[in-house]
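Visitor: turn this into a model:
(chains A and B)
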Amino acid sequence: MLDSKIPAGPLDDKWTTYKGKVKLVNPANKRKIEVIVVGTGLAGASAASSLAEMGYKVKAFCFQDSPRRAHSIAAQGGINAAKNYQNDGDSVYRLFYDTIKGGDYRAREANVHRLAEVSTNIIDHCVAQGVPFAREYGGLLSNRSFGGTQVQRTFYAAGQTGQQLLIGAYQSLERQVALGNVEMHTRHEMIELVIIDGKARGIIARNLETGELERHFGHAVLLCTGGYGNVFYLSTNAMGSNVTAAWKAHKKGAYFANPCFTQIHPTCIPVSGDHQSKLTLMSESLRNDGRIWVPAKVGDTRKPNEIPEEERDYYLERRYPAFGNLVPRDVASRAAKERCDAGFGVGSSKQAVYLDYADAILRYGKIEASKKNLGDIGNDAIIALGKEVVKEKYGNLFNMYEKITGENPYEIPMRIYPAVHYTMGGLWVDYELKTTVDGLYALGEANFSDHGANRLGASALMQGLADGYFVIPYTLGNYLAEEIRTSNISTDHPAFIDAEKVASDRINKLMTIQGKQTVESFHKRLGKIIWDKCGMARNEEGLKQAIAEVRALRDEFWSDVKIPGIINQMNPELDKAGRVADFLELGELMCLDALERKESCGGHFREEYQTPDGEALRDDNDFMYVAAWESKEVGSWNLHKETLDYEVVKPSQRSYK
Amino acid sequence: MQHYTMNLKLKVWRQQNSKSEGRFEVYDVNDISSEMSFLEMIDVLNEKLIKDGGDSIAFDHDCREGVCGMCSMVIDGRPHGPWQGTTTCQLHMRAFKDGDTITIEPFRANAFPVVKDLMVNRGAFDRIIQAGGYISVNTGNAVDGNAILIDKQNADDAFAAAACIGCGACVAACKNASAMLFVSAKVSHLALLPQGQPESKQRVAGMIAQMDKEGFGSCTNTYACEAECPKEISVMNIARLNREYLQSNLGS
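Guide: Got it, this is the predicted structure:
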């Protein structure tokens, strides 16, 4: 039976009450307790530094050459917080409500409320660390809007918000390394979890430079290893982003929740050919000012600037007048797909829509001209002024677009199309962020907890930092208070030896196959199956086919993969092979989860379940639960359900019209 | 934009590990699309090498969006290749034409030992940050974000310095392998903000001392670092670093 351990009492008081009663570990005991943190993105770096500051001995691991490179760094647009600095009606309740509604009523109320509560502390802490958020002329913090909200609560640092927040957390982490409180292991990858007497007690890590396997003990293990979007091969994730640590934990008893809840982001640069290795996001912040459209006529091949206003279809503004271009991501993505499927797509592939800045450039130009009292300066001068404003707000994004496509977005509307971006699903955790394995925690995108079936923009950074800075420092103590009598367990313990052997056997097996096909080619084929059949739209027949295809592909992989090089040296192909092998198991579970969930909600769109006007049709009677999957053996799972009780928000058909 | 395909010759640095000697190997790659990124072109070559029974070329890369700082490589003598203000991962093949020979080497500096082929160890940068590149604030101590007013110009300048991605191109570009641009970007980022003031003296002294200890060379103002920096970090930061360093000495 899944116990989410949500504290009793009114929603507003739960977190305060919990913190008031939680068990504590005294400073002398903290020094004796070791905590393993895997991953150094926003969740991992913030957790590792905060726990080290409190006095715990932390061991942190990342597969990159420096903790500063984790993929949180690529987040562009911003971070939400219920500060209400703009006096536009924001509050903790409204951020909570927007997130619950944005998630299509498939998230846990208590977790989301806590997230909204601590959101304000995050901004304060990051400012104190020296994160250079955008500021107004008066010296105050600036805000902008993101999708699914009607207030301005997003804090940002141009289009590099993730970078600046991560560097802040990284600097705090390195400070703790310097103080000797954190032992940092770069170019290390966790490849097994060690469980002793039912509790997570360590990991087997592979030193990627030497290929050596290492045993590391911890009183608790925190997985802050991000999402699994790379199962699709093409996604906005970094090349190295993977599910391996979470998957190893899953196979050792941690339930995997809502794996089919994946986010397809509406504004990415379209695929240009078969050579494509990854996709690049164009920040959601661009929907603040940009307008999305397609030609009103099927198969219109004129250049965008030659299509007059009345022959354009601003389909988001048409379908969703209340939120317009700022509808949530799942809604915007499906609407783009609908237009392209109906033949209105643009560009050579016809799998793209326009994101147009002409109106915004004109509008900003007029404001500038008026601010500077320039009088009637003519259209060209106004456009030049407007371009300067747009450049200041979005310059780095426009540059990136131009580098990739060779087109100038100040002159020609950008072409965009949806792409895999984030995974709401992840390891099941309770209110304390603990998985179903005692002593094993999951933070940030690696857990499933706060975004339901669709995450709102600028909320990933918020959740990663909330978990690391302000949640785990309290909840972990509640567990470790009972562990103060546990002295360090020797890594010669049979559980460590066994786990290392499992890891080593697997690597040897991979290296001895010496088949004919590369790891990359298997990954591409897996990605295509999942994208075609478990992507933006899913149906029963396709999902059943996908399960059979993924199983067959997995067998083929284990009999015909070809990995060059040797085990005991830097071998990126071997690293990738281990990750792809895990994606080949996860892919099946995603399809199974999508098959079982016979409703549409958020990013999970089952074609059989939609309203007459094509919106997601939920089934609250039968599916208002978290699907938590228990691994039995490869390709076999038990489903556990955590019922979601909505005490405060009354679920309704989500409307952004 | 007109797309085209090209055949290329690549001269690539191959090296087993930090202890072994390296050498250039020459490879042909054919039918490369001008729409590919530079790293996708290397992907194509690696797939071919593996299929032919060889070992793939090891290189660092992760986000492929120009922000993680993981990718490196010196391409035709320039860190991150021919495009101004661009990381290797954002360099696209339309920068090259059919028949070109491209030389690809790792970042070269004593402080950045080669791990394998085009991968180097940039741990020295992390250790420089450990020596003071932070503000000492524990979680939970902060005042309201708007309680600290920051002049917009200073905020913008701090942000521009903080845009550094820690890739090490500045070191690779410098004939002395100096890390001054990297260090100055961090010192400037924090010195321009009121939150960074209390520790400013120890910070600059500590980071400079660590930089010297790691074996980076000295700065002789050739500004090759600025010219090659993919984030176009300004050498004005080095001037600010020098002022800060001078003040830290005066105060002690």
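Visitor: care to break the chain down by domain?
Guide: All of this refers to chain A. Chain A breaks down into these domains under automatic domain parsing: A:266-420, A:495-625.
Visitor: if you could check chain B rather than the one you did, that'd help
Guide: If you go by automatic domain parsing, chain B breaks into B:5-116, B:123-251.
Visitor: which one of these lies closest to residue A:298?
Guide: Ranking the domains of chain B by proximity to residue A:298 (Cβ to Cβ) places domain B:5-116 first, at 26.4 Å. C-beta: built from backbone N, CA, C; applies to glycine.
Visitor: about what we covered before: out of the domains of chain A, name the one with the poorest average pLDDT.
Guide: Sorting the domains of chain A by mean pLDDT places domain A:266-420 lowest, at a mean of 94.
Visitor: near chain B at all, that one?
Guide: Yes. Judged by Cβ under 8 Å from any Cβ of the partner chain, domain A:266-420 comes into contact with chain B at A:272-273, A:275-278, A:280-281, A:399-400, A:403-407.
Visitor: whichever of these end up buried, select them in PyMOL.
Guide: To isolate the buried subset of the residues of domain A:266-420 next to chain B in PyMOL, counting by 16 or more other Cβ atoms under 10 Å in any protein chain shown, use the following:
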select buried, chain A and resi 272+275+276+277+278+280+281+399+400+403+404+405
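Visitor: just the ones of the residues of domain A:266-420 next to chain B in helices?
Guide: A:399, A:400, A:403, A:404, A:405 (DSSP state H).
Visitor: how near is residue B:232 to chain A?
Guide: Counting by Cβ to the nearest Cβ, to the nearest Å, the gap between residue B:232 and chain A amounts to 10 Å.
Visitor: centroid residue for the chain?
Guide: I'll assume chain A. When chain A is reduced to its mean C-alpha position, the nearest residue by Cα atoms, centre = their mean turns out to be residue A:422, at 3.7 Å.
Visitor: chain B is the one I meant
Guide: residue B:167 (2.2 Å).
Visitor: tell me how far it lies from residue B:60.
Guide: Distance from residue B:167 to residue B:60, counting by Cβ to Cβ, to the nearest Å: 9 Å.
Visitor: what secondary structure does residue 9 sit in?
Guide: No chain in the question, so chain A it is. The three-state label given to residue A:9 by DSSP: H, G, I helix; E, B strand; the rest coil is coil.
Visitor: my bad, chain B
Guide: Under three-state DSSP, residue B:9 comes out as strand.
Visitor: that one - how many residues pack around it?
Guide: Residues within reach of residue B:9, counting by other Cβ atoms under 10 Å in any protein chain shown, total 13.
Visitor: ok, so what distance separates the closest residue to it other than its chain neighbours from chain A?
Guide: In this structure, residue B:9 finds its nearest non-sequential neighbour in residue B:101, 4.3 Å apart by Cβ to Cβ, 6 or more residues apart in numbering or on different chains. Residue B:101 sits 21 Å away from chain A, going by Cβ to the nearest Cβ.
Visitor: so residue B:101 sits against residue B:8, correct?
Guide: Yes. Contact criterion Cβ atoms under 8 Å: residue B:101 and residue B:8 qualify, at 7.2 Å.
Visitor: tell me which of those two has more neighbours.
Guide: Of the pair residue B:101 and residue B:8, residue B:8 is the one with more neighbours under other Cβ under 10 Å, namely 20 against 11.
Visitor: next to chain B in this structure, residues from the stretch 151-300 of chain A, please.
Guide: Residues of the stretch 151-300 of chain A lying near chain B (Cβ under 8 Å from any Cβ): A:155, A:157-158, A:160, A:162-164, A:167, A:170-172, A:174-175, A:177-178, A:184, A:186, A:209, A:238-240, A:272-273, A:275-278, A:280-281.
Visitor: just these: which are in helices?
Guide: Checking those against DSSP H, those in helices are A:162, A:163, A:164, A:167, A:170, A:171, A:172, A:174, A:175, A:177, A:178.
Visitor: could you tell me the model confidence score at the third one?
Guide: This means residue A:164. Reading off the model, residue A:164 has pLDDT 98.
Visitor: in contact with it, which residues?
Guide: Contacts for residue A:164 (Cβ atoms under 8 Å, 6 or more residues apart in numbering or on different chains) come out as A:131, A:132, A:133, A:157, B:159, B:162.
Visitor: residue contacts, the nearest residue to the fifth one once chain neighbours are set aside?
Guide: Counting by Cβ to Cβ, 6+ apart, residue B:159 lies nearest to residue A:132, which is 4.0 Å off, once chain neighbours are set aside. In this structure, residue A:132 makes contact with A:157, A:164, B:155, B:158, B:159, B:162, B:189, B:193, judged by Cβ under 8 Å, 6+ apart.
Visitor: give me the number of residues near the fifth one?
Guide: What it means is residue B:159. 21.
Visitor: tell me how far residue A:150 lies from chain B.
Guide: 22 Å.
Visitor: make sure that residue is indeed in a strand.
Guide: No. Secondary structure of residue A:150 (three-state DSSP): coil, not part of a strand.
Visitor: tell me the contacts of the nearest residue to it once chain neighbours are set aside?
Guide: Excluding its sequence neighbours, the residue lying closest to residue A:150 (Cβ to Cβ, 6+ apart) is residue A:323, at 7.5 Å. Listed by Cβ under 8 Å, 6+ apart, the contact set of residue A:323 reads A:147, A:148, A:150, A:656.
Visitor: near chain B, which residues of the stretch 401-550 of chain A show up?
Guide: Residues of the stretch 401-550 of chain A lying near chain B (Cβ under 8 Å from any Cβ): A:403, A:404, A:405, A:406, A:407, A:469, A:470, A:473, A:516, A:518, A:520, A:521.
Visitor: try 7 Å
Guide: Residues of the stretch 401-550 of chain A lying near chain B by Cβ under 7 Å from any Cβ of the partner chain: A:403, A:404, A:406, A:407, A:469, A:473, A:518, A:520.
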